[in-house]
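1. any chance you could fold what I've pasted below:
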Amino acid sequence: MNTARTLRTAALAALPALAAVHAAPVLSTFGPLRNRVMPRLAGRGRPDHVALTFDDGPDPRSTPQFLRLLAGRRVHATFFLLGSEAHRSPGLVREIAAAGHEIGVHGWQHRPLLLRGPRATYDDLRRARDTVAEITGRQPTLFRPPYGVMSTAAHLAAGRLGLDPVLWTCWGEDWTARATPRSVHRTVTADLDGGGTILLHDSDCTSAPEAWRSALGALPRILDTCAQRGYGVGPLSDHGRPPLRSPSRMLLALRTPATL
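-> Just a heads-up that it's a prediction; the model follows:
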């Protein structure tokens with residue numbers, strides 16, 4: 001009886017430490033820190049290039065409009081798709097791939113991975129990866145977590161599934177009801193530099209209704225600004241990101257950023 005009580009007490013005492021380990025990668029959500037000590041996770045690339053990425057699709061109402069605009073500008077991008085949305089619109093997923101765009105996964109559903117355990121995290125990523133692979137005939141290799149929030153379980157699951165996590169260096173805050181094409185362009189370009197990765201949304205499934213229109217309206221001006229600054233624009237596969245760190249090095253960076 002005393003042994004059982006001792007084990008319960010030890011387990012309860014260990015819970016805060018386990019929770020801290022699970023949540024340690026949340027530090028990567030802080031953009032300046034991520035950009036400084038985790039350049040690969042941040043999506044840093046070669047200085048003459050900018051990676052253009054979209055989250056939350058595919059959406060039959062909005063994604064085709066982004067595809068038409070990008071085709072007109074002869075620009076390719078990386079689309080991080082939700083597995084559940086890809087399952088609903090497989091033809092649109094194939095259209096994205098046929099147009100030459102890169103496809104990554106954004107999880108199966110847009111739910112915070114920090115609130116999920118290792119098994120649920122792994123199952124979510126695997127289901128999204130396998131769905132996209134079945135539709136396109138090609139297994140995706142890139143992963144972006146919902147809300148940009150990683151966990152230790154997410155890093156480990158991504159490694160097991162052959163998925164490389166990528167966040168961003170600048171975004172347009174295009175998911176809000178108050179966003180406009182002008183505000184999205186201003187917000188993106190304020191933090192835009194060579195080697196950066198832009199985050200926009202081609203769907204409003206997790207945003208304010210019709211919020212995607214602000215990103216679509218801003219996109220031509222964003223591309224023009226990149227051209228004026230001498231940056232080529234393309235998918236992450238053309239971006240020249242730094243070498244992949246081992247999982248242990250990544251977790252060490254997340255725990256002790258000030259020492260690196």
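2. what stretches of the protein score poorly on pLDDT?
-> 1-36, 244-260 (pLDDT under 70).
3. can you give the strand pairings for the top strand by length along it, parallel or anti for each?
-> Counting by DSSP state E, the longest strand found in the chain is strand 49-57. Sheet pairing of strand 49-57 (DSSP bridges) gives strand 78-81 (parallel), strand 197-201 (parallel), strand 232-234 (parallel).
4. and the closest residue to residue 239 other than its chain neighbours, what is it in contact with?
-> Among residues not flanking residue 239 along the chain, residue 45 sits closest, at 3.3 Å (CB to CB, 6 or more residues apart in numbering). (C-beta placed from N, C-alpha, C; glycine too.) With contact taken as CB atoms under 8 Å, 6 or more residues apart in numbering, residue 45 is in contact with 51, 195, 196, 197, 236, 239, 240, 241.
5. where along the stretch 151-260 of the chain do the strands fall?
-> Residue ranges of the strands in the stretch 151-260 of the chain, as given by DSSP state E, counting those that start in this stretch, are 164-165, 170-171, 197-201, 232-234.
6. out of the ones you listed, which one sits most buried?
-> Counting by mean count of other CB atoms under 10 Å, strand 197-201 has the highest mean neighbour count of those, with a mean of 26.
7. residues in contact with that one?
-> So strand 197-201 is in contact with 42-45, 50-57, 166-172, 174-175, 184, 188, 192, 207, 211-212, 215, 218-219, 222, 236, 239, going by CB under 8 Å, 6+ apart.
8. so can I have JSON lines of the strands paired with strand 49-57 showing distance to residue 226?
-> What follows is these, written out as JSON lines (distance: least, CB to CB, whole Å):
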{"stretch": "strand 78-81", "distance to residue 226": "15"}
{"stretch": "strand 197-201", "distance to residue 226": "9"}
{"stretch": "strand 232-234", "distance to residue 226": "5"}
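9. which among those strands is found nearest to residue 135?
-> strand 78-81 (9.3 Å; CB to CB).
10. flag every buried residue along the helix or strand that the closest one is followed by.
-> Note on strand 78-81: by DSSP states H and E, the next helix or strand toward the C-terminus is helix 83-88. Buried residues in helix 83-88, counting neighbours by 16 or more other CB atoms under 10 Å, are found at 83, 84, 85, 86, 87.
11. of the residues you listed, closest to residue 121?
-> Residue 121 has its nearest neighbour among the buried residues of helix 83-88 in residue 83, at 13.4 Å by CB to CB.
12. hang on, the closest one packs against residue 108?
-> Yes. With contact defined as CB atoms under 8 Å, residue 83 reaches residue 108; the gap is 3.9 Å.
13. which residues are common contacts for these two?
-> With CB under 8 Å, 6+ apart as the test, residue 83 and residue 108 both reach 124, 127, 128, 131.
14. ok, the last one touching residue 86?
-> Right, residue 131. Yes. With contact defined as CB under 8 Å, residue 131 and residue 86 form a contacting pair (5.5 Å).
15. now render the buried residues of helix 83-88 as a markdown table, adding distance to residue 69.
-> Formatted as a markdown table, these follow (distance: CB to CB, whole Å):
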| residue | distance to residue 69 |
| --- | --- |
| 83 | 25 |
| 84 | 25 |
| 85 | 20 |
| 86 | 21 |
| 87 | 25 |
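16. and for residue 151, the neighbour number?
-> Per other CB atoms under 10 Å, the neighbour tally for residue 151 reads 23.
17. mind checking how far it is from residue 243?
-> Distance of residue 151 to residue 243, computed by CB to CB, to the nearest Å: 23 Å.
18. can you flag the buried ones in the contacts of strand 197-201?
-> Counted by 16+ other CB under 10 Å, these give 42-45, 50-57, 166-172, 174-175, 184, 188, 192, 207, 211-212, 215, 218-219, 222, 236, 239 as buried.
19. returning to what we had before: return the member of the contacts of residue 45 nearest to residue 230.
-> Nearest to residue 230 among the contacts of residue 45: residue 195, at 12.2 Å, using CB to CB.
20. list the contacts of the closest one.
-> 44, 45, 46, 47, 49, 50, 169, 239.
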